[in-house]
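*Asks:* My questions are about this predicted structure, shown below with the sequence.
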Amino acid sequence: MTVFAYQAPASHTFVPEVWDAELLVQFDPLLVWASPIVSNNKYEGTIAKAGDVVHINSLVRPSIGDYKLPDGMTAQRPEMVDQNLYITEGKYLQLLIENAEHVQAIGDMASPINQQMIRSLARAADTFMGGIVSAGATALPNVKAAPGSVAQGLYGAILDMMLALDQNDVPDGRYVVVSPKVKRYLIEHPAIANAAAYGDAGVTANGVVARLAGFTVLSTTAMPAGADIIAGHPDFATFASQFTGFRSGQSEHYRADYVDTLHLYGGKIVRYPGHDVQKPDHTFDESLPSKGIVKAAVEWPTS
């Protein structure tokens, strides 16, 4: 283990690796948009610094031919379409503490200071990924929540999203993320109440509320502006993330230790041949919304 300059030879028991492992255990359940339920992490690769690029290659679906004699078969060359996932975000947190070793010894990641640090990192990552997902979603008509039938209107909107995804051959394993206000009224609908996950083991992880009509229903306060309900499949968005590990050292300006960590990440909408428009340069037109993610805003009753 490295002995930092500020440490006496017999006093170097702060172990960054302990916090590195525990950070992920407590960080991941706080995510909604950046969780594997909503955004896959298939393309993380090796991230060393902000500005890194992860390449995603998509195989264009080959055509099927009729076999008949004497024509036989005609071979096709595989055609690839390239996409780039840029690691655009580099967020850090550095805390000054009286003694790094003492803080680790008395609480590890369960201490209030570290819990708040994890929540701050998770919130920043989730807000970022929510913006990516919402910006790439296909907008559906606003949901009009009529007085006296708000729950039914919201439930019907989710079924309309199910239909939209069905019509685009989006596979099973779908999610729908709703705002807290939508969740409050949605729970009143019998179909949601009967399917609610309350009481299930781990129900609070990743904001899961219920499982219904092929959707895992989640809720978060980190809803992007202009959207109250977003539904899709994790194959259509990807999140790549890397923590560079905790460091500790002696502050240059204060009689105190510091503990810090750096979080590098990026996200994008993943495009697919057959779902998205391919350009002549073997890339996709990323200005168009994804057919694998849909969103809607709610027009709430005024009285």
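*Replies:* The structure has been received and is ready for your questions.

*Asks:* in this protein, which ranges drop under the pLDDT threshold?
*Replies:* For the chain, the stretches with pLDDT under 70 are 1-26, 45-51, 57-63, 72, 75-81, 96-114, 195-206, 303.

*Asks:* Quick check: what element follows the strand or helix carrying Ala122 along the chain?
*Replies:* Per DSSP states H and E: Ala122 is located in helix 112-135. Once the chain leaves helix 112-135, the next helix or strand it forms, by DSSP H and E, is strand 137-139.

*Asks:* Which SSE is immediately downstream of that following strand?
*Replies:* Counting by DSSP H and E, what follows strand 137-139 is strand 143-144.

*Asks:* Can you point out the buried residues in the helix holding Ala122?
*Replies:* Neighbour counts over helix 112-135 (16 or more other CB atoms under 10 Å) mark 114, 117-118, 121-122, 124-130, 132-134 as buried. For glycine as for every other residue, the C-beta is placed from the backbone atoms N, C-alpha and C.

*Asks:* Please apply the same query to stretch 246-260.
*Replies:* For stretch 246-260, the neighbour count (16+ other CB under 10 Å) marks Phe246, Arg247, Ser248, Gly249, Asp257, Tyr258, Val259, Asp260 as buried.

*Asks:* Determine the set of other helices and strands touching the helix holding Ala122.
*Replies:* Identification of packing neighbours for helix 112-135 by 3 or more CB pairs under 8 Å, 6 or more residues apart in numbering; DSSP states H and E yields helix 16-27, strand 89-97, strand 229-232, strand 237-243, strand 257-269.

*Asks:* how does it look with 10 Å?
*Replies:* Judged by 3 or more CB pairs under 10 Å, 6 or more residues apart in numbering; DSSP states H and E, helix 112-135 is in contact with helix 16-27, strand 89-97, helix 100-107, strand 174-178, strand 229-232, strand 237-243, strand 257-269, strand 290-296.

*Asks:* element containing the closest residue to Gly130 other than its chain neighbours, please.
*Replies:* With sequence-adjacent residues excluded and distances taken as CB to CB, 6 or more residues apart in numbering, Gly130 is closest to Trp33, at 4.0 Å. Trp33 is part of no helix or strand when elements are defined by DSSP H and E.

*Asks:* Of the buried residues of helix 112-135, which is the nearest to Asp66?
*Replies:* Val133 (40.8 Å; CB to CB).

*Asks:* quick one: contacts for that closest one?
*Replies:* 32-34, 38-39, 177, 224, 227, 230, 232, 236-237, 239, 267-269, 290, 293, 295 (CB atoms under 10 Å, 6 or more residues apart in numbering).

*Asks:* run the last query once more with 6 Å
*Replies:* Trp33, Ala237 (CB atoms under 6 Å, 6 or more residues apart in numbering).

*Asks:* what's next to stretch 228-238, contact-wise?
*Replies:* Against stretch 228-238 from outside (CB under 6 Å, 6+ apart): 38-40, 43, 133, 137, 161, 170, 174, 176-179, 182, 269-270, 290, 292-298.

*Asks:* Please tell me how far it is from the chain's geometric centre.
*Replies:* 9 Å (CA atoms, centre = their mean, to the nearest Å).

*Asks:* how close does Thr302 get to Ile229?
*Replies:* 20 Å (CB to CB, to the nearest Å).

*Asks:* again, but for Ser134
*Replies:* From Ser134 to Ile229 the distance is 11 Å (CB to CB).

*Asks:* likewise Val277?
*Replies:* 26 Å.

*Asks:* swap in Tyr185?
*Replies:* Distance from Tyr185 to Ile229, by CB to CB: 11 Å.

*Asks:* ok, these two, which is more surrounded?
*Replies:* Ranked by neighbour count (other CB atoms under 10 Å), Tyr185 and Ile229 place Ile229 first, with 24 against 19.

*Asks:* How about Asp172: what's its closest non-neighbour residue?
*Replies:* Asp172 sits nearest to Gly214 (CB to CB, 6+ apart), 5.9 Å away.

*Asks:* and the one you found, how many neighbours?
*Replies:* 16.

*Asks:* which ones are touching the residue nearest to Gly130?
*Replies:* Applying CB under 6 Å, 6+ apart, the residues near Trp33 are Asp126, Met129, Gly130, Val133.
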